[in-house]
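Asks: Whatever this is, show me its structure:
(2 chains)
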Protein chains: 2
Amino acid sequence: MTNSAPNRIIISVDAMGGDRGPAAVVAGLALSADKNPDIGFILHGDQSTLEPLVTREPNLEGRVEIRHTEEVVTMDAKPSFVMRNGKDTSMWSAVDAVRDHEADVAVSCGNTGALMLLSMVRLRKLPGVNRPAIACLWPSRNPGGFNIMLDVGADIRAEDTDLLQYAMMGASYARNGLGIARPRIGLLNVGTEEHKGHPVLKSAHELITGAAENANIEFVGFVEGVDIPSDRVDVIVTDGFTGNVALKTAEGTADLMAGFIRQSFTETFMAKLTALVAKASLGRLKVRMDPRRANGGVFLGLNGTVVKSHGGADAVAISSAVKLAFTLSQSGFNQKLAARVASSGTPRQDGTSTKGEQQE
Amino acid sequence: MTNSAPNRIIISVDAMGGDRGPAAVVAGLALSADKNPDIGFILHGDQSTLEPLVTREPNLEGRVEIRHTEEVVTMDAKPSFVMRNGKDTSMWSAVDAVRDHEADVAVSCGNTGALMLLSMVRLRKLPGVNRPAIACLWPSRNPGGFNIMLDVGADIRAEDTDLLQYAMMGASYARNGLGIARPRIGLLNVGTEEHKGHPVLKSAHELITGAAENANIEFVGFVEGVDIPSDRVDVIVTDGFTGNVALKTAEGTADLMAGFIRQSFTETFMAKLTALVAKASLGRLKVRMDPRRANGGVFLGLNGTVVKSHGGADAVAISSAVKLAFTLSQSGFNQKLAARVASSGTPRQDGTSTKGEQQE
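Replies: Numbering: from 1, shown residues only, chains lettered A, B, ... in the order given. A predicted model of the protein is given here:
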């Protein structure tokens, strides 16, 4: 199996990390390949397992190169253990294909902590980036259906200059991943008044205000938790502790409501009957809230992009993460992000941003 | 109008602060008085406005004492301005009735910041409390339907010892407000592993572990955002910044889902027809997610309890806040809380908790 069609975008995929095993991953690739003739894959994992899975998908013929690896990063492995002993894992191999410029983007459903550490060490931070971040897609009222939130858990700390970089990286992601020319950026706080919040937030507010015009972003200032899914912003910037709590709180709230909805349609016989009639409407709701549609946290700020798919991702979710990886790769996202970060300068040292050219 | 029945619990109510004006407040009191013969009110606000409103509610006859005040704290007033100039406002008067031991609990739908500052200054902190907190009721899978979360915004900072006190105060609230004999406490973090999170969280984890047995609580350790509405815990402890973001994120998520639900039932003609049939089931959902049922943030850690009702509270929501105030007042909550805080000792200074008797 080769992968040599010209203009094909190659995605590096860890076949082994997910809860549902390589069959779900390969099925996801087949869905993507069916929809998109310009995509090809380097697939990392156990050759004898993967080869029959790939062979039985006609869509994947000539579009997958399998890289054999002996080992798998388990979900409960400590990141530091993987870093020391994981050289022959599918995850390591998938990240290294990006390091070696065989692909711009890697996709894995494996252990998040291990993937983050591996990505950091193997790809290294972009020049000028202090803290890489994980950005997620957040269901929203915007026409595209999603906002971007970062950092949702790469680092529990963030200085003012880190928050400025998150704003720049998030804007770049919004341009190249969601096609928003002039993204609106909000800085998450406990109130929208400028005097509220931690000192680091006030300082970040000033830095982003100062950098906004040159960076072709619209800084809407402080936003609150209720604004995360709103159509007032496209990108929400916060530290990884707050972002992670917010993300998981939203998941918990959505789960709770979904449970209540199910109960409200099963509590009485009449309700069960109604549920049958309401199936189409509830089905539409399910599609809109489907986390699989938004699958893919993206590690930003490295020499190469890594998309983290949910551990429990099925074929649809994998395909969604692959689509995101393709879009970012095709747009030359990481090169543009690198240029953007470089041009946003080092406000900490000289007090002003370097005026660079406007990049995407 | 007098208020002298023996054994009657008196609640001090700010009539003027809410978005819907005093008519909604008085209607709420009438609902409460109808359900509960043991409740009486001191009502603070403009006499000429309040008197006719009270008179037309037969349930309130002989149960409301009106305290005339000339002024109102507006929603956009700066707390410091209210502190300097607010002596003749209904909010000030409502808090001072607690200060003067005419009532144990005050209820207001007014400006949160002003109410917090007024309460802090007029009631003063309980001996041994460093940072008072705002606790809210959070819809949950527990049998009672609610968990308690604190701090949701009294202070953006919290040290390890503050988090220990939040645990004690939250447990006391769970016992006296929700009737849970041995509350399960969780400390909010970005992971459940003990090595995760900020150093202050690790230290708070140790302090709460050490104090748990003596305090008759069950400390379940670190919990994540998804656990806030779960049945694994009764009380979730966090700093006021994170708590406020989580609360508003949950509100935003619930709003977004409710919007999607409405849309999913109006997108097509068939869906609209279905919605008519599904009305009862959706109605049950609405009741379960109704924020009016959970109305009432409680300021904890002061010499007296203050219940903050939503600014937009209607009669049902006011009545719900009054019910909470009544339950807490009847249980002798604040005296028990004071004893609890005193017995939890000052771990910062001597490294161990003072062993005190077990209080409620």
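
Asks: Every contact and neighbour count from this point should use C-alpha atoms.
Replies: Will do.

Asks: Quick one: name the residues of the stretch 1-150 of chain A near chain B.
Replies: The stretch 1-150 of chain A has residues A:140-141 near chain B, with proximity defined as Cα under 8 Å from any Cα of the partner chain.

Asks: Using the three-state scheme, assign residue A:17.
Replies: coil (DSSP: H, G, I helix; E, B strand; the rest coil).

Asks: What is the burial count for the closest residue to it other than its chain neighbours?
Replies: In space, and not counting its chain neighbours, residue A:17 is closest to residue A:110: 3.9 Å by Cα to Cα, 6 or more residues apart in numbering or on different chains. When neighbours are counted by other Cα atoms under 10 Å in any protein chain shown, residue A:110 registers 27.

Asks: wait, isn't residue A:110 in contact with residue A:20?
Replies: No. Using Cα atoms under 8 Å, residue A:110 is not in contact with residue A:20; the gap is 10.6 Å.

Asks: Quick check: neighbours shared by the two?
Replies: The contact sets of residue A:110 and residue A:20 overlap at residue A:311 (Cα atoms under 8 Å, 6 or more residues apart in numbering or on different chains).

Asks: OK, contacts around residue A:89?
Replies: If you count contacts by Cα under 8 Å, 6+ apart, residue A:89 has them with A:45, A:69-73.

Asks: Quick one: low-confidence residue ranges for the stretch 151-300 of chain A.
Replies: Across the stretch 151-300 of chain A, the ranges flagged by pLDDT under 70 are A:194-195, A:264-295.

Asks: now the strands: where do they sit in it?
Replies: For the stretch 151-300 of chain A, strands defined by DSSP state E, counting those that start in this stretch occupy the ranges A:184-188, A:218-223, A:235-237, A:297-300.

Asks: could those strands be laid out in a markdown table, adding distance to residue B:207 and mean neighbour count?
Replies: Below are the strands of the stretch 151-300 of chain A laid out as a markdown table (distance: least, Cα to Cα, whole Å; neighbours: other Cα atoms under 10 Å in any protein chain shown):
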| stretch | distance to residue B:207 | mean neighbour count |
| --- | --- | --- |
| strand A:184-188 | 30 | 26 |
| strand A:218-223 | 34 | 20 |
| strand A:235-237 | 32 | 30 |
| strand A:297-300 | 35 | 26 |
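
Asks: Pop the domain breakdown of chain A in here.
Replies: As assigned by automatic domain parsing, chain A contains the domains A:9-129+A:301-338, A:133-291.

Asks: As JSON lines, those domains with distance to residue B:123 would be great.
Replies: Listed next are those as JSON lines, based on distance: least, Cα to Cα, whole Å:
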{"stretch": "domain A:9-129+A:301-338", "distance to residue B:123": "47"}
{"stretch": "domain A:133-291", "distance to residue B:123": "24"}
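
Asks: Counting by contacts, list what the longest helix anywhere in chain A packs against.
Replies: Counting by DSSP state H, the longest helix found in chain A is helix A:240-264. If contacts are counted by 3 or more Cα pairs under 8 Å, 6 or more residues apart in numbering or on different chains; DSSP states H and E, helix A:240-264 sits against strand A:146-150, helix B:240-264, helix B:279-289.

Asks: do you know how far the closest residue to chain B within the stretch 251-360 of chain A is from residue B:140?
Replies: Scanning the stretch 251-360 of chain A for the residue nearest chain B gives residue A:252, at 4.0 Å (criterion: Cα to the nearest Cα). Distance of residue A:252 to residue B:140, computed by Cα to Cα, to the nearest Å: 10 Å.
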